[in-house]
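S.K.: this one's sequence-less:
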């Protein structure tokens with residue numbers, strides 16, 4: 001049966017629209033499948049059986065779910081036309097794929113791509129201040145959103161279309177993509193971006209306090225605040241969060257009292 005893949009792709013954005021504590025993403029997953037299952041099983045009883053196959057526990061990375069969606073729908077199509085007799089195969093695919101796919105997606109998109117795009121957006125803002133002396137700070141979140149969405153939306157659409165064609169061979173393709181290697185490269189690029197951002201930050205704002213000519217008051221660079229954040233980040237996991245929280249509050253009061 002010919003499937004409306006673009007409609008399936010659009011419905012994947014609602015995977016997390018109705019979370020529940022017992023089965024997490026199962027309702028969203030079934031929502032994505034429903035139009036196709038409705039066409040595959042015109043008989044109400046068979047359709048009911050198909051729907052019930054997908055109300056169990058399901059949880060994975062929302063950017064990688066397209067791979068599982070395509071594989072499951074291919075199997076459901078085979079069941080509907082009589083090529084596949086194992087009615088539990090869709091559930092087996094979901095249970096076996098959800099965990100590994102989630103691990104890959106979380107590590108790559110949320111642990112690598114998202115921080116990298118954040119650093120690039122920050123660097124572009126600092127460069128605009130340093131090179132053009134123009135404050136485009138409001139562009140920073142827009143730049144981040146655009147770059148990040150280009151990466152993950154492209155992957156989601158590509159993975160859905162390719163998974164429909166390759167079916168279970170998509171697993172081998174994902175393993176050959178060397179996502180871990182790509183993630184390592186992205187992390188190195190991220191470190192370079194951070195180094196450039198720090199360099200241009202010091203070049204723009206300086207490192208030591210200066211006297212404002214208009215107010216005749218001492219102005220401290222924002223690097224002091226960033227330094228405090230870095231210190232707290234370094235201590236995280238080594239010191240109790242409650243102690244860090246109260247330390248930050250007391251330190252802020254001291255700075256405020258000193259007029260810093």
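M.R.: Nice, I can see it. Predicted model, so just to flag it, every value in this text is computed and none were measured.

S.K.: And the helix or strand containing residue 50, what does it pack against?
M.R.: According to DSSP states H and E, residue 50 maps onto helix 44-52. Under the contact definition 3 or more C-beta pairs under 8 Å, 6 or more residues apart in numbering; DSSP states H and E, helix 44-52 sits against helix 26-40, helix 65-81. In this view, the C-beta of every residue, glycine as well, is placed from N, C-alpha and C.

S.K.: Quickly list the domain ranges of this structure.
M.R.: Residue ranges for the domains of the chain, per automatic domain parsing: 5-195, 208-257.

S.K.: which of the ones you listed has the lowest average pLDDT?
M.R.: Confidence, taken as mean pLDDT, is least for domain 208-257 of the domains of the chain (a mean of 60).

S.K.: follow-up on the earlier one: list the buried ones in the helix holding residue 50?
M.R.: Neighbour counts using 16 or more other C-beta atoms under 10 Å place 47, 50 of helix 44-52 among the buried residues.

S.K.: What ranges does this structure have for its helices?
M.R.: Using DSSP state H, the helices assigned to the chain run over residues 5-11, 26-40, 44-52, 65-81, 89-105, 114-131, 139-166, 170-176, 179-205, 223-235, 241-257.

S.K.: quick one: buried residues of the fourth one?
M.R.: What that stands for is helix 65-81. Under the neighbour-count criterion of 16+ other C-beta under 10 Å, helix 65-81 has 65-80 buried.

S.K.: And the residues you listed, which is closest to residue 105?
M.R.: Nearest to residue 105 out of the buried residues of helix 65-81 is residue 65 (C-beta to C-beta; 8.5 Å).

S.K.: Distance check, that closest one against residue 15.
M.R.: 6 Å (C-beta to C-beta, to the nearest Å).

S.K.: Identify the residues contacting the nearest residue to residue 155 once chain neighbours are set aside.
M.R.: Distances taken as C-beta to C-beta, 6 or more residues apart in numbering place residue 63 nearest to residue 155, at 6.6 Å, with adjacent residues excluded. Counting by C-beta atoms under 8 Å, 6 or more residues apart in numbering, residue 63 makes contact with 105, 109, 152, 155, 156.

S.K.: Also residue 44?
M.R.: Neighbours of residue 44 in contact, by C-beta under 8 Å, 6+ apart: none.

S.K.: Residue 166 reaches residue 173, doesn't it?
M.R.: Yes - under the criterion of C-beta atoms under 8 Å, residue 166 makes contact with residue 173 at 6.2 Å.

S.K.: neighbour-wise, which of those two wins?
M.R.: Neighbour count, other C-beta atoms under 10 Å: between residue 166 and residue 173, residue 166 has more, with 17 against 13.

S.K.: That one and residue 155, how far apart?
M.R.: Going from residue 166 to residue 155 by C-beta to C-beta gives 15 Å.

S.K.: what angle separates the helix holding residue 50 from helix 89-105?
M.R.: Angle, helix 44-52 to helix 89-105, by axes from the mean of the first three to the mean of the last three C-alpha atoms, to 10 degrees: 30 degrees.

S.K.: want to throw the helices and strands packed on helix 44-52 into TSV with distance to residue 141?
M.R.: Output for the helices and strands packed on helix 44-52, formatted as TSV (distance: least, C-beta to C-beta, whole Å):
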stretch	distance to residue 141
helix 26-40	27
helix 65-81	26
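
S.K.: any idea how far residue 81 is from residue 67?
M.R.: Per C-beta to C-beta, residue 81 is found 22 Å from residue 67.

S.K.: Taking helix 65-81 as reference, get the angle to the helix holding residue 50.
M.R.: In terms of direction (the same axes, to 10 degrees), helix 44-52 departs from helix 65-81 by 150 degrees.

S.K.: quick check: angle from helix 44-52 to helix 26-40?
M.R.: 150 degrees.

S.K.: re the thing from before, pull up the overlap in contacts between residue 65 and residue 15.
M.R.: Each of 25, 29, 32 lies in contact with both residue 65 and residue 15 under the rule C-beta under 8 Å, 6+ apart.

S.K.: ok, how many other residues are close to the first one?
M.R.: Applying other C-beta under 10 Å, we find 22 other residues in the vicinity of residue 25.
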